[in-house]
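>>> Give me coordinates for this.
(chains A and B)
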Amino acid sequence: MDYSQFLYMHEELSLLAVILILFIADLFMCPDKKSGKGVYNTCLPVVLLTVHTALNLLPCCSAESCEAFGGMYLYTPMMTVMKSVLNVGTLIVCLMAHKWLSREENLVKQGEFYMLVLFTLLGMYFMISSGHFLMFFIGLELASVPMTALVAFDKRRMESAEAGAKFILLALFSSALLLYGISLIYGATGTLYFDEIGALLDGSLLSIFGLVLFITGMGFKISLVPFHLWTADTYEGAPTVVTGFLSVISKGSAAFVLLTVLMKAFAQSDLFYSWNTGMYWIIVASITVANLFAIRQNNLKRFMAFSAISQAGYLVLAIMDGTAQGMTSLVFYLLVYMVSNLGAFAVMTSVEENSGKINISDYDGLYQSNPKLAFLMTLCLFSLAGIPPFAGFFSKFFVFMAAFNAGYPLLVFIALANTVISLYYYLLIVKAMYIKPNESPIATFKSDGYTRLALALSLLGVIVFGLGGVFYTYIEQFSYGL
Amino acid sequence: MESTILILLLPFFSFILLGVFGKWFSHKAAGLVGTAVLLAVAALSYATAYTYFFDTARTAEGVLPTLVPYNFEWLPFFVEGLSFDMGIMLDPISVMMLIVISTVSLMVHIYSFGYMHGERGFQRYYAFLSLFTMSMLGLVVATNIFQMYMFWELVGVSSYLLIGFYYTSPAAIAASKKAFIVTRFADMFFLIGILIYGYYCRSFGFEFNQAGFAQGAMMLPTALFLMFIGGAGKSAMFPLHIWLPDAMEGPTPVSALIHAATMVVAGVFQIARLFPLWIEYAPGALHVVAWVGAFTAFYAAAVACCQSDIKRVLAFSTISQIAFMMVSLGVCTEYTTGHEHVGSLGYMASMFHLFTHAMFKALLFLGAGCIIHAVHSNEMSAMGGLRKYMPITHITFLIACLAISGIPPFSGFFSKDEILTAAFAYMPAMGWIMTAIAAMTAFYMFRLYFGIFWGTENKELHAHHTPHEAPLTMTFPLMFLAVVTCVAGFIPFGHFVSADGVAYDIHLDWGVAGTSIVIAVASIFLATYMYIGERQPKADAMAEKFSKLHQWAYKRFYLDEVYQYITHRIIFAHVSKPIAWFDRHVVDGFFNFLAWGTNALSFQIRGFQSGSVQKYAYVFLLGTLALLAIMALA
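Numbering: from 1, shown residues only, chains lettered A, B, ... in the order given. The predicted structure follows:
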């Protein structure tokens, strides 16, 4: 065996190295019994993750497209872009987790948190780089099992445990359907390599059934309607930091993989037409239904769950037609959505950790007591709603442009109409923070340094990505289409 | 040339700094920051100009090259060849504008130190000044028409903010709204023009040699003329000039910067920027521009003769002078310089006049600011006999008046003479009309001058407040600009700016120059005769004799009233009201229905989110089957 093939996987290997270092460090860094203070600090994982991200972005590391291990593992420069996006997101999540992890009951579990998060990330890496359905499935499971543990991280809290249970049950359900789909595809073609499937698959009912089950499996991960019902309960029950992680990282990687696999394995013309039609209805349903539910929420996490479902609908809008433009706009959308959403979650975590409040009505008059946080939240919500000149406007613009050029003007119109509704409910929070009077708003508090850094990174993203074209053009050079 | 980006970034940062953190600055610190930044910008601009004009190699044909130190794609347009770019382009006119803007802006920054002393919102004032400077610089260095349009709007916004700076005064609010709405209305045509241009010519850029132009030639005159309407709005051409006199409600230094020297010449700059297109594809439309300019020049000069508010006189004089520049561009008939220069002389003349006018008109406004500062009034009746109290203001004001009247050796003489030569070359009638207007210019400027510095002293007003000379921060800019006005005429302008970029020498046409000097001197004598004395029996008798005409001119020929009538009685009553009804009942009704429907539906379907996992799995499965049905049947 040619061991130099491992070099192609340098990104996975370097992440694994980070995990191992943290694992060993965890052994020696237990909380001090007397003072009760954790010696294990957030600094180490953050620094390691930053180094890891920076290493992957070095130009010398980004090789040409290649395959390793007989085509099980694929590499294209676009994957580095995608993995780096996920890295940055994970970094922000780790930063904003600091305060929550320094709670007394979590101190001892601090190491576990990083292990679980990073293993999830590793699973996503494999999923993204897979060239074979089994590899893909292993990556998917590697990502979703630690995720369940994360959701149930506050295991003594009923809601968290309940959320974990719901998540694992439905994840198993969807995995089963997904595996069933994969087996049908294997039955139709006799292979599980994406490339070979793409060449062999015809438009028979069997292959369409396989395709449908594949889409449902991914739809569950991306939380698209009608596979989304777990989202609200899980998001509400999970610790807020984990919810942030779940809403961005897991969703983003799954959407990207959905696009690449559809492009590689299901490009045959009948199937192409078939999944375009399927996705069309899924997108319409996701955007609209999620908006209808979001209007009625009072719990901010539940609210963000429906907002995330709706955003997922916009995200997969870029998948239509499988063009290079679509891929670029998908990655750009994800990048922008990530900073905006994580920014909002960082504010929510900060408020929750300092006051224990998580309902929209608790945010009444936040501007009076914590003007900076309220302002940050407003910017993030504006970006999520797609108001220029914030990044969200451009990401939506590019996605709409991609779908429009792919020949779906009606779909773009429906999506546009829904942005109006989404604007309404995002502004509800802004209204609560700035306009609604409140005798006793959440008390003024100071965030810790890590949270501030997370907020600053998100804010920077929300503003800097508003320079649209530069980043778009940068991503564009790596994109490829059908 | 790489440092040019700083010219834009520095004022932007000072805007952010003073705009966001202004309240932590003392007045002095805020003013110092703004002025220091502008000093740096001016130094960079001068360095850029020096490098560009003297150290940059000309091409084989002797043309100054067009440099693009920065250009990046801001938004791709997904259509072949079209994108929104942002960048910096240096060519003779943009570099010339850099000098004009940074010089006048620097002077205004220094001047405002004294003029705005102790005003509430001092920091905000400097923040807006920085914003304006950044936008105006961005406008002139734009690499494409779209970037130009964006900065064009930013300039409009900062003008709006500065006119309405005294936001507690209803007149200032009304003026700022008027300025914004009128220019915005005109800008709509500019945008339509840009879109037509982009659609047919497949380009937003300023390189006019692509293949697309041949196929777009049909629509180019339309597009260019629509863009000109936008330019006419900003440059206050008749009949879109109505906002400029009212804009004088803003602080006087702002009038000097925005409404005399820089922003209002944006329309002229726009035509100069697209000049190759006008000449090549729309020469007829270009001459229409000339006649619009000629009429505006005459109209504004006539009104200026009868105004009593000194800033209004200057405002109408500005309109008239900008119209001179428009005329000068409009009378061009060819692009290449050739050896006779006559067909494209107007281009150079227009830019030359833009340059000299910016300096002496800024000087006039700043001088007017000193006077207003001293007597606390804009009305000429409050002035008179001020030459004893304010010697520096008096001398510099006189220099500017001589310059604008076209008396050698002051700068206005040289540039105006070139314009007249170009006008005579196009059509003798145009030449004589412009000469007559130049004579009116000399007359009303000296009427103003004598009214302020000579004549009867308003003893009653001066009894409890003796006018005094302004502090050095205010007189220094006056002296600086006066020196520039004295020497600017001797700049060999044709060496730097000409229609096709080839350097040539300016020749004074003594026939034209002699006539205009004689007429200007005669007008000045007339003004002296009528206005120098303690009382002005001749002038009063004239006003009495032609009382109707005087009244009409004083009321600016009732154009504002005509606008009021058209907007209120016709547009609001017969167009807007039905539309408003439609909007309120049909459009809003539809959206209210949508909102009601959304709300009702979301209430109905909330049962789906029951919290029971079995049911979730059930829906999941049903969804899968539905998807299968959709995809299998597709």
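>>> So which bits of the stretch 351-482 of chain A are right by chain B?
Contact residues, the stretch 351-482 of chain A versus chain B (Cβ under 8 Å from any Cβ of the partner chain): A:394, A:397, A:401, A:405, A:421, A:424, A:467-470, A:472-473, A:476. C-beta here means a position set from N, CA and C on the backbone, and glycine is covered the same way.
>>> Please repeat the previous calculation with a cut-off of 7 Å.
A:401, A:405, A:421, A:468, A:469, A:470, A:472, A:473 (Cβ under 7 Å from any Cβ of the partner chain).
>>> mind checking the SS state of the residue of chain A found nearest chain B?
Nearest to chain B in chain A, going by Cβ to the nearest Cβ, is residue A:226, at a distance of 3.2 Å. At residue A:226 the chain is in coil, as set by DSSP: H, G, I helix; E, B strand; the rest coil.
>>> Now do the contacts for it.
When contacts are counted by Cβ atoms under 7 Å, 6 or more residues apart in numbering or on different chains, residue A:226 touches A:285, B:619, B:620, B:623.
>>> Just name the lowest-scoring one in these, pLDDT-wise.
pLDDT is lowest at residue B:619 among the contacts of residue A:226; the value there is 86.
>>> Helix or strand: which one has that one?
Here residue B:619 sits within helix B:613-633, counting by DSSP states H and E.
>>> Equivalent analysis for residue B:84, please.
Assigned by DSSP H and E, residue B:84 falls in strand B:82-90.
>>> Which strands and helices lie in contact with that strand?
Here strand B:82-90 touches helix B:4-21, strand B:67-79, helix B:145-163, going by 3 or more Cβ pairs under 7 Å, 6 or more residues apart in numbering or on different chains; DSSP states H and E.
>>> Buried residues of the shortest one, list them for me.
When you say that, I think you mean strand B:67-79. For strand B:67-79, a neighbour-count test (16 or more other Cβ atoms under 10 Å in any protein chain shown) marks B:67, B:68, B:69, B:70, B:73, B:74, B:75, B:76 as buried.
>>> My guess is residue B:278 contacts residue B:284. True?
No: between residue B:278 and residue B:284 there is no contact under Cβ atoms under 7 Å: 9.9 Å.
>>> Looking at the two, which is more packed in?
A side-by-side neighbour count of residue B:278 and residue B:284, using other Cβ atoms under 10 Å in any protein chain shown, places residue B:278 first with 27 against 10.
>>> Backbone dihedrals for residue B:274, please?
phi -100, psi 20 (degrees, to the nearest 10).
>>> show me the contacts for it.
Remark: with contacts taken as Cβ under 7 Å, 6+ apart, residue B:274 is in contact with residue B:224.
>>> Swap in 8 Å and give it another go.
Applying Cβ atoms under 8 Å, 6 or more residues apart in numbering or on different chains, we find residue B:274 in contact with B:145, B:206, B:224, B:227.
>>> repeat for residue B:475
Per Cβ under 8 Å, 6+ apart, neighbours of residue B:475: B:370, B:392, B:393, B:469.
>>> Just checking, which helix or strand succeeds the least confident helix or strand in chain A by mean pLDDT along the chain?
In chain A, the helix or strand scored least confidently by mean pLDDT, DSSP states H and E is helix A:104-107, which has a mean of 79. Downstream of helix A:104-107, the next assigned helix or strand under DSSP H and E is helix A:110-129.
>>> for that following helix, what is the average pLDDT?
For helix A:110-129, mean pLDDT is 92.
>>> now that helix: how far from the chain's centre is it?
How far helix A:110-129 lies from its chain's middle: 13 Å, per Cα atoms, centre = their mean, to the nearest Å.
>>> so who does residue B:246 touch?
Counting by Cβ under 8 Å, 6+ apart, residue B:246 makes contact with B:174, B:175, B:178, B:179.
>>> can those residues go into TSV with extra columns for neighbour count, distance to chain A and secondary structure?
TSV is the format used below for the contacts of residue B:246 (neighbours: other Cβ atoms under 10 Å in any protein chain shown; distance: Cβ to the nearest Cβ, whole Å; DSSP: H, G, I helix; E, B strand; the rest coil):
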residue	neighbour count	distance to chain A	secondary structure
B:174	14	29	helix
B:175	23	28	helix
B:178	21	27	helix
B:179	27	24	helix
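>>> about what we covered before: using TSV, lay out the buried residues of strand B:67-79 together with distance to residue A:126 and pLDDT.
Output for those, formatted as TSV (distance: Cβ to Cβ, whole Å; pLDDT from 0 to 100):
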residue	distance to residue A:126	pLDDT
B:67	50	85
B:68	46	86
B:69	46	85
B:70	42	84
B:73	35	79
B:74	37	78
B:75	36	75
B:76	33	73
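>>> Make a markdown table out of the residues you listed and add distance to residue A:351.
Below are the buried residues of strand B:67-79 laid out as a markdown table (distance: Cβ to Cβ, whole Å):
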| residue | distance to residue A:351 |
| --- | --- |
| B:67 | 52 |
| B:68 | 48 |
| B:69 | 46 |
| B:70 | 42 |
| B:73 | 40 |
| B:74 | 36 |
| B:75 | 36 |
| B:76 | 39 |
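>>> Now do residue B:13, the pLDDT please.
In this model, residue B:13 is scored at 91, pLDDT.
>>> Same question for residue B:352.
Note for residue B:352: predicted pLDDT of 91.
>>> Can you report how many residues neighbour it?
So residue B:352, with other Cβ under 10 Å, has 28 neighbours.
>>> can you check residue B:202 too?
17.
>>> and if you look at the one 5 residues further on?
Using other Cβ under 10 Å, the number of residues around residue B:207 comes to 12.
>>> May I have the phi/psi pair for it?
phi -100, psi 110.
>>> Against residue B:66, how distant is it?
To residue B:66, residue B:207 is 8 Å away according to Cβ to Cβ, to the nearest Å.
>>> any idea how far the residue of chain A closest to chain B lies from residue B:91?
With Cβ to Cβ as the criterion, residue A:226 and residue B:91 are 60 Å apart.
>>> Whatever residue of the stretch 301-450 of chain B ends up closest to chain A sits in which helix or strand?
Shortest the stretch 301-450 of chain B-to-chain A distance, computed as Cβ to the nearest Cβ: residue-wise this is residue B:358, at 31.7 Å. In the assignment (DSSP H and E), residue B:358 maps to helix B:345-375.
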